[in-house]
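Student: okay, structure incoming, though there's no sequence with it:
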Ligand code: 3HC
């Protein structure tokens, strides 16, 4: 099986890393050669660490080719999109992919909170479109939500499910409802956490300690929003709020202000906390 990944940012690079680790021929696309090379370096680094720690015996980085051309996905059996979380660019990309990929290729989106059905509406063969929603950091988090859109075929859905298993993940089946399963619960919960910061006048450190040591979370909510990206979280929150109109879904003002100020979390070096680059 040959896998394509569109967008080698945090999520896309993590997904491409999983495909290489699983021994699959992988094509990754970025907008510039430089960004492609940077992602390749990161993937190589993490896989080398896994060999050093004895978690894997070896890997073959030559399975990964990077490109700037969508036409290089022509031989792929499954293409996973992990570009910016906006509907129009995703719809444009899927229309382009449909033109270059073979008729049986499955087109999957890693969207967090947009409608897979609306993305599929951009192509004339929506049966081949499904959601494959990975969690951040993709190489470490076991879950993948396999999302059935309104017109997804059983074949496309099963192919995506089997690919997730090949990547060593724990896939679950769900439908194209806002936020699917985990984000429907997690996003309003994280929004509550951020609102509690102001209401209860606690520091991010104390709130994080509270949820880690009192509720058994592996990392605190402020650390987690920093990891996910403040902008990504705000976008996903807005998408859920737009669809469900529940006040808890709306992004808290504090997060919107942080996103506008460029405090995006780990990737920008500063969010609730500061990070060395
Ligand atoms: N690939 C491979 N290895 C990686 C990596 C990557 N991309 N990123 C980090 N690692 C490595 C680290 O470098 C480290 O290796 P080292 O020993 O060589 O330094 C190793 O993995 C373990 O890292 P940590 O010590 O940080 O691992 P922890 O045991 O602390 O676990 C965690 C980290 C799995 C992230 C854990 O803290 C956790 O489960 N946090 C919660 C994360 C979560 O909830 N994610 C979901 C967010 S919601 C989402 O994604 C939805 C989206 O739609 C918004």
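Tutor: Perfect, I can see it now. Not measured: the values here are computed from a predicted model.
Student: for the stretch 1-150 of the chain, what lies in contact range of the ligand?
Tutor: 14, 17, 46, 49, 112, 135-137, 139-141 (C-beta under 6 Å from any ligand atom). Every residue, glycine included, has its C-beta placed from N, CA and C.
Student: one more pass at 8 Å, please.
Tutor: With the criterion set to C-beta under 8 Å from any ligand atom, the stretch 1-150 of the chain comes near the ligand through 10-11, 13-14, 17, 42, 46-47, 49-50, 52-53, 112-113, 133-141.
Student: mark which of those are buried, thanks.
Tutor: Among these, the ones that count as buried by 16 or more other C-beta atoms under 10 Å are 10-11, 13-14, 17, 42, 46-47, 50, 112-113, 133-136, 138-139.
Student: among those residues, which are in helices?
Tutor: 10-11, 13-14, 17, 42, 46-47, 50 (DSSP state H).
Student: just give me the closest of those to the ligand.
Tutor: Distances from the ligand to these, taken as C-beta to the nearest ligand atom, are shortest for residue 46 (3.6 Å).
Student: pretty sure that closest one contacts residue 17?
Tutor: Yes. Counting by C-beta atoms under 8 Å, residue 46 touches residue 17, with 6.0 Å between them.
Student: now the two most distant members of the ones in helices among the buried ones among the residues of the stretch 1-150 of the chain next to the ligand.
Tutor: The largest separation in those, counting by C-beta to C-beta, is between 11 and 50 at 18.7 Å.
Student: so where is the stretch 51-200 of the chain shaky, pLDDT-wise?
Tutor: Within the stretch 51-200 of the chain, no stretch has pLDDT under 70.
Student: what segments of it are helices?
Tutor: 87-100, 116-120, 154-166, 182-199 (DSSP state H, counting those that start in this stretch).
Student: so which elements touch the first one?
Tutor: Okay, so that is helix 87-100. strand 78-81, strand 106-109, helix 116-120 (3 or more C-beta pairs under 8 Å, 6 or more residues apart in numbering; DSSP states H and E).
Student: list the buried residues of it.
Tutor: Buried-residue list, helix 87-100, by 16+ other C-beta under 10 Å: 90-91, 93-94, 96-98, 100.
Student: for residue 197, which non-adjacent residue is spatially closest?
Tutor: residue 207 (5.8 Å; C-beta to C-beta, 6 or more residues apart in numbering).
Student: thought residue 222 was touching that neighbour, still the case?
Tutor: Yes. The criterion here is C-beta under 8 Å, and residue 207 meets it with residue 222 at 6.1 Å.
Student: which of those two has more neighbours?
Tutor: A side-by-side neighbour count of residue 207 and residue 222, using other C-beta atoms under 10 Å, places residue 222 first with 23 against 20.
Student: my guess is that one meets residue 204, correct?
Tutor: Yes. Using C-beta under 8 Å, residue 222 makes contact with residue 204 at a distance of 3.9 Å.
Student: shared neighbours, these two?
Tutor: Common contact partners of residue 222 and residue 204 (C-beta atoms under 8 Å, 6 or more residues apart in numbering): 197, 272-273.
Student: of those, buried ones?
Tutor: 197, 272.
Student: how about the shared contacts of residue 222 and residue 204 in CSV, adding distance to the ligand?
Tutor: Shown next, in CSV, are the shared contacts of residue 222 and residue 204 (distance: C-beta to the nearest ligand atom, whole Å):
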residue, distance to the ligand
197, 18
272, 15
273, 14
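Student: ok, so of the shared contacts of residue 222 and residue 204, who is nearest residue 245?
Tutor: For the shared contacts of residue 222 and residue 204, the closest approach to residue 245 (C-beta to C-beta) belongs to residue 197, at 23.9 Å.
Student: who's in contact with the nearest residue to residue 171 once chain neighbours are set aside?
Tutor: When the adjacent residues along the chain are set aside, residue 171 lies closest to residue 164, with 3.8 Å between them (C-beta to C-beta, 6+ apart). Each residue near residue 164 by C-beta under 8 Å, 6+ apart is listed here: 132, 144, 146, 171.
Student: I'd assumed residue 160 was in contact with the first one.
Tutor: Right, residue 132. Yes. When contacts are counted by C-beta under 8 Å, residue 132 is listed as touching residue 160 (5.2 Å).
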